[in-house]
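**Q** sequence first, predicted coordinates after that:
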Amino acid sequence: QVQLVESGGRFVQAGSSLRLSCSASARTFSTYTMAWFRQAPGKEREFVAAIHWSHDQTSYADSVKGRFTISRDNAKNTVYLQMNSLKPEDTAEYSCAAQLLGSLELAHSGGMNYWGKGTLVTVSP
């Protein structure tokens, strides 16, 4: 069982930057593909970004490409989401997810084994 705990969400103004963190309890964190998802009020959950367990290749939703960066620190069992140039439409609950030996394609589809409870990001106009 892997436990994921997100942090870093808060209220910010449009144009600001924010870094989210997700700490994982997995003993073999380096073998997990990690991803970030978000769910805005009244909307379905959507894929944001993912980072592969093996080659650190990354993938992003078109809506965040060029503004968000996903990274990982295997020594700290942590995955990050650096968010720049935030927009009001980025307001959502952001959750991280993990999949053992997962592919980026699987991450895109939301087929992850473990999920965190989320951290709220609110971006004001």
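**A** Received the coordinates, thanks. Numbers count the residues shown, from 1 in each chain.
**Q** just give me the neighbour total for residue 125.
**A** 6 (other C-beta atoms under 10 Å). The way it works is simple: take the backbone N, C-alpha and C, and place the C-beta from them, glycine included.
**Q** repeat for residue 91
**A** Residue 91, neighbours per other C-beta under 10 Å, totals 18.
**Q** quick one: contacts for the residue nearest the centre of the chain?
**A** Centroid check for the chain by C-alpha atoms, centre = their mean gives residue 36 as the closest residue, at 2.1 Å. The contact partners of residue 36, by C-beta atoms under 8 Å, 6 or more residues apart in numbering, come to 20, 22, 48, 49, 50, 70, 79, 81, 94, 95, 96, 97.
**Q** and the residues you listed as JSON lines, adding neighbour count, pLDDT and distance to residue 10?
**A** Conversion of the contacts of residue 36 to JSON lines gives the following (neighbours: other C-beta atoms under 10 Å; pLDDT from 0 to 100; distance: C-beta to C-beta, whole Å):
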{"residue": "20", "neighbour count": "25", "pLDDT": "98", "distance to residue 10": "10"}
{"residue": "22", "neighbour count": "27", "pLDDT": "98", "distance to residue 10": "15"}
{"residue": "48", "neighbour count": "25", "pLDDT": "98", "distance to residue 10": "17"}
{"residue": "49", "neighbour count": "26", "pLDDT": "98", "distance to residue 10": "19"}
{"residue": "50", "neighbour count": "27", "pLDDT": "98", "distance to residue 10": "23"}
{"residue": "70", "neighbour count": "23", "pLDDT": "98", "distance to residue 10": "19"}
{"residue": "79", "neighbour count": "29", "pLDDT": "98", "distance to residue 10": "18"}
{"residue": "81", "neighbour count": "27", "pLDDT": "98", "distance to residue 10": "13"}
{"residue": "94", "neighbour count": "23", "pLDDT": "98", "distance to residue 10": "11"}
{"residue": "95", "neighbour count": "22", "pLDDT": "98", "distance to residue 10": "16"}
{"residue": "96", "neighbour count": "30", "pLDDT": "98", "distance to residue 10": "16"}
{"residue": "97", "neighbour count": "26", "pLDDT": "98", "distance to residue 10": "21"}
